[in-house]
Every structure is written in C-alpha cells, then in structure tokens.
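>>> missing the sequence, but the structure's below:
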C-alpha cells in the first residue's frame, strides 16, 4: 500500500472502528502523523511562538489515529480494547508496538475479511 492511499483510506474510515487495517496502512499513516506534527511544530515556532497549530493538528488527527490503531489490532486478531494497555507506563507502549508489528492474520478473522492492498 502506498503512502497516499494509506492516508486517504485512514481519513475515509475516520469513524470506522470495525474491519481491519493492514500493517502498511497503519505505519504509513503513522508516518503521516509524524510529518504533520513536525511541520506544525516548525510553523508554530516561526509564527506563533506557542503550539496553536500543533493543538489543531492533534485534534484533527486524534480520531483517525484511534480508528486505524483499532483496525490494526483487529487485523492481528485482537480486540481494540487492547489500546487501554497504553495506560500502563512504558510496558503498555512496548506491548502495543509488538502488536502493531505483528503480521496480519491470514484469511478472514472474526473482525472481518482480509484487507486487500
């Protein structure tokens, strides 16, 4: 899956918690979020001196990030509720990272059909 397609797909499903998201869709969208945050930070420092654009970017990207993360967990056969493990400092993020890098379940699983690139 290419960068533009992954970002477009994540925004088109920004309120869809059902289904599955391939590993490439998740990581391309994660890269997009990092790039948007970096650009917002640079512009904030140059123009405003405080994090106005960064706050707006965080609000706009929050729901798409959440839904693509839930769909990525579904793709590995896990419930979206596993996101709550991130509330455990450090250990939770490591566990989530491990889940995110796992290969997709082959074939259909209880969360939907296998995604096609």
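Sure thing, it's come through. Note that the structure is predicted; figures quoted are calculated from it, not measured.

>>> tell me the centre residue of the chain?
Centroid-nearest residue in the chain, with CA atoms, centre = their mean: residue 65, separated by 3.8 Å.

>>> Name the helix or strand for that residue, please.
If you go by DSSP states H and E, residue 65 is part of helix 52-75.

>>> what do you get for residue 78?
Assigned by DSSP H and E, residue 78 belongs to neither a helix nor a strand.

>>> that older thread, mind giving me the packing neighbours of the helix holding residue 65?
For helix 52-75, the packing partners by 3 or more CB pairs under 8 Å, 6 or more residues apart in numbering; DSSP states H and E come out as helix 3-12, helix 23-43, helix 91-101. Heads up, the C-betas are built off the backbone N, CA and C, glycines and all.

>>> which parts of the longest one are buried?
By 16 or more other CB atoms under 10 Å, the buried positions in helix 23-43 come out as 23-30, 32-33, 36, 40.

>>> Helix 52-75 and the helix or strand bottoming out on mean pLDDT in the chain, what's the angle between them?
Lowest on mean pLDDT, DSSP states H and E among the helices and strands of the chain sits helix 3-12, with a mean of 93. Using axes from the mean of the first three to the mean of the last three CA atoms, to 10 degrees, one finds that helix 3-12 and helix 52-75 are set 90 degrees apart in direction.
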